[in-house]
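Student: output the structure for:
(chains A and B)
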Amino acid sequence: MKYLSEYRNPGLVQQYLEEIQRITTKTWTLMEICGGQTHSLVKNGILEMLPSQITMVHGPGCPVCVTSTDVIDEAIYLAQQPNVILCSFGDMLRVPGSKKSLLEIKAEGGDVRLLYSPLEAVLLAKDHPNKEVVFFAVGFETTAPANALSVVQAHKMGVQNYSILASHVLVPPAMEAILEDEENRINAFLAAGHVCTIMGLEAYEPIARKFKIPIVVTGFEPVDLLQGILMAILQLETGVHKVENQYARAVQRAGNLVAKQTINTVFEISDRKWRGIGTISQSGYEVKQQYRQFNARLKFNLHLPQTEEIGDCISGDIMKGRKKPFQCPNFGSNCKPDTPIGAPMVSSEGACAAYYHYATTLKQVSKTKI
Amino acid sequence: MIIQSCPIPKFNFEMISLGHGSGGQLTQQLLKSGVFEVLKNDILDQQHDGAFFRLTGAVAFSTDSYVISPIFFPGGNIGDLAVNGTVNDLAMCGSCPKYLSLAFIIEEGLLMEKFWQVLVRIKEAAERANVQIVTGDTKVVEKGKGDQLFINTSGIGLIHPKAQIHHNHIVPGDQIIISGNIATHGIAIMSVRKGLEFETTIQSDTINLNHTTAKLLDGFGNAIKFFRDPTRGGLASVLNEVAAVTHWGYDIDQQLIPIEEQVEGACELLGLDPLYVANEGIFVAIVQKEAAGDFLELLRLDANGRNAAIIGAVTCEHPGKVVMKSRIGGRRIVTPLTGEQLPRIC
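Tutor: Numbers count the residues shown, from 1 in each chain, chains lettered A, B, ... in the order given. Down below sits the predicted model:
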């Protein structure tokens, strides 16, 4: 496959591994932000190929994992309303809220639909004028433009019965929250290539300066990841801390201006509660006042009680890089993809699911009860 | 070609209604409108409540229900799928399929024209597999209580005299062989599923495999330890199932697994792992090491085995687990499928 097989070339992989080995003199801990990167590292067996001095910890970049139970409860409440069609991306359906998951609500007769694009939801609303169609708009900066566009589109088409339940989260505030944590032990970040394709590099420069930490915007294929790791180690070994762009074939310094403009048209920055982490100031998007008729929270006057998160999940520690999935007492026993206690075991981008599905070394296999 | 040999007859009704499943006059009208004629054979023509026939020797018996959506897809429809599916299940038991039952659950409102197209595919698939449809049933449910058409087929096959297929015979060193490209059927279906339609020339690989497996059994008999068609859950699920029952480890090499480039590209796009995507026209065989080379050579001469490959071996290591060497040389566990594969969200 053009543009993919080049980045899966075993010869190049070997060269990068040798170079990483050659330049690494100390122990370093790197965090890859995005769950897509975590999966690629685990699925391709890269974690066990890296030199032992390098530890990869897995960041919060899984939108399903960080969506708070409060928001899932809001979605569930909406799905239970007789006149509502609740539309969502697939992974969100299985994540448990405080009591149930959307999948259970669907089985009970709630009209929950799995869609691949929010624009489909707008068309669904147009086709069902007597129903209220709500799109569960989760995701990082990557999915925000399409969700914003659905609102712009509905507005243009005069579709009144469409709204979104926005639960967008932003990467840079989460990185700062991780770095400000007392127990932080991360030496460098691999920033999320797709998020930066939309947002560009600029937001990361103050973080690199303030915390004196290398940040390498990195892609998702084996060669991308190894090149990103090499660039980060090179900075660490030479005492440099700056933002670099490994994923230059997709990411421009200023990002995607049209996409950013669409986001700014519909969304404003707000505080957001992260599952397992807590509320991070100015870390999410909410629908702007002038589009309030498309904000499901206002339309349905949602004021549900805040819930405590289920105590047995250590997702916060995992997403801050403090612990690995194997260190959770429930991993592979009480918590499995079919019976998840926490979201990282559900999502296709969750670190626990990655370890469960692709457990990398045979040593790890013997430790897991899968 | 088939359409020419089975032109759509003139029906005096356009669509199937509840009455066509009542067992009364309308049912007779439906059956006599061409169903009996299309599926015609001596046993069916007896028009009893069941079929009478004689069999001598050990038999395999299998059943499967077909609820595919959409019922028409590139490369086939629910009709040939329902015949090939049960024929292949019988073939995987080491048997030569002989007789099938055929039961329809039809949602009222199904156009006769569509039903006819399904019947024609059933006839064609049964002829190709050399099986007879000897008994059947038709039920009609109210609009909204079905999804156009569901089919159940059950089948009986005579065990091949040389077949010794049982997972208990598998030992370390045995070779894992796949008869063709993986993930084709699943991606062909995804390409026409509502909300996902994408342009492609990928066609379902649905086909009967019984003549292929019979030929292999003729040639290699008890060197063949295991046959299984990796339908739902794909290659990963079959290997995990056999790993779980034999308690051996199963090593496979990603580089050796045949997959069409277009299918692999579609999997990338949809965020699907091809190891878990459904197949209809291929099988996994586990074969004694010494015979594996010749087995592969014979299989590759068959139209259904042109892309066959040895993809790995059974091992004493990591008992009960399937481990894959990735293209870049890393290793990972291939776990059983959990839930349904869902496309990525960002």
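
Student: and residue A:97, how far from residue A:132?
Tutor: Between residue A:97 and residue A:132 the computed distance is 20 Å (C-beta to C-beta, to the nearest Å). C-beta here means a position set from N, CA and C on the backbone, and glycine is covered the same way.

Student: those two: who's more crowded?
Tutor: Looking at residue A:97 and residue A:132 with other C-beta atoms under 10 Å in any protein chain shown, you find the greater number of neighbours at residue A:97, namely 22 against 19.

Student: ok, for that one, nearest residue in space, not its chain neighbours?
Tutor: Leaving aside its chain neighbours, residue A:97 sits nearest to residue A:72 (3.7 Å; criterion: C-beta to C-beta, 6 or more residues apart in numbering or on different chains).

Student: what sits opposite residue A:137 in the beta ladder?
Tutor: Per DSSP bridges, the residues bridged to residue A:137 are residue A:166.

Student: surely it meets residue A:162?
Tutor: No - assessed by C-beta atoms under 8 Å, residue A:137 is found out of contact with residue A:162, at 11.5 Å.

Student: next structured bit after the strand or helix carrying residue B:294?
Tutor: Assigned by DSSP states H and E, residue B:294 belongs to helix B:289-301. Sequence-wise, the next helix or strand downstream of helix B:289-301 (DSSP H and E) is strand B:309-315.

Student: which residues touch that following strand?
Tutor: Here strand B:309-315 makes contact (C-beta atoms under 8 Å, 6 or more residues apart in numbering or on different chains) with B:170-178, B:246, B:248-253, B:256-258, B:286, B:289, B:292, B:296.

Student: in its sheet, what does it sit against?
Tutor: Strand B:309-315 has the following strand partners under DSSP bridges: strand B:175-178 (antiparallel), strand B:249-253 (antiparallel).

Student: take the ones you listed and write them to JSON lines, including mean neighbour count.
Tutor: Converted to JSON lines, the strands paired with strand B:309-315 look like this (neighbours: other C-beta atoms under 10 Å in any protein chain shown):
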{"stretch": "strand B:175-178", "mean neighbour count": "25"}
{"stretch": "strand B:249-253", "mean neighbour count": "21"}
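
Student: let's have those strands in CSV, adding mean pLDDT.
Tutor: Converted to CSV, the strands paired with strand B:309-315 look like this (pLDDT from 0 to 100):
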stretch, mean pLDDT
strand B:175-178, 98
strand B:249-253, 97
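
Student: columns distance to residue A:104 on top of these, output as JSON lines?
Tutor: Shown next, in JSON lines, are the strands paired with strand B:309-315 (distance: least, C-beta to C-beta, whole Å):
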{"stretch": "strand B:175-178", "distance to residue A:104": "37"}
{"stretch": "strand B:249-253", "distance to residue A:104": "35"}
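
Student: what touches both of residue A:137 and residue A:162?
Tutor: In contact with both residue A:137 and residue A:162: residue A:150, using C-beta under 8 Å, 6+ apart.

Student: which residues touch residue 44?
Tutor: If you meant another chain, say so; for now it's chain A. Contacts of residue A:44 by C-beta under 8 Å, 6+ apart are A:8, A:222, B:326, B:327, B:328, B:330, B:332.

Student: that's the wrong chain, I meant chain B
Tutor: Here residue B:44 is in contact with B:36, B:51, B:132, B:133, B:134, B:135, B:136 (C-beta under 8 Å, 6+ apart).

Student: switch to 10 Å and redo it
Tutor: With contacts defined as C-beta atoms under 10 Å, 6 or more residues apart in numbering or on different chains, residue B:44 is in contact with B:35, B:36, B:51, B:99, B:102, B:132, B:133, B:134, B:135, B:136.

Student: among those residues, name the ones in strands.
Tutor: Members of the contacts of residue B:44 lying in strands (criterion: DSSP state E): B:99, B:102, B:132, B:133, B:134, B:135, B:136.

Student: tell me the bridge partners for the fourth one.
Tutor: Just to be clear, that refers to residue B:133. residue B:100.

Student: burial measure for it, as a count.
Tutor: 23.

Student: show me what contacts it?
Tutor: Contacts of residue B:133 by C-beta under 10 Å, 6+ apart are B:38-41, B:43-44, B:51, B:83, B:99-102, B:122-123, B:125-126, B:153, B:155.

Student: now which of those residues would you call buried?
Tutor: Listed as buried from those are B:38-39, B:43-44, B:51, B:83, B:99-102, B:122-123, B:125-126, B:153, B:155; burial here means 16 or more other C-beta atoms under 10 Å in any protein chain shown.
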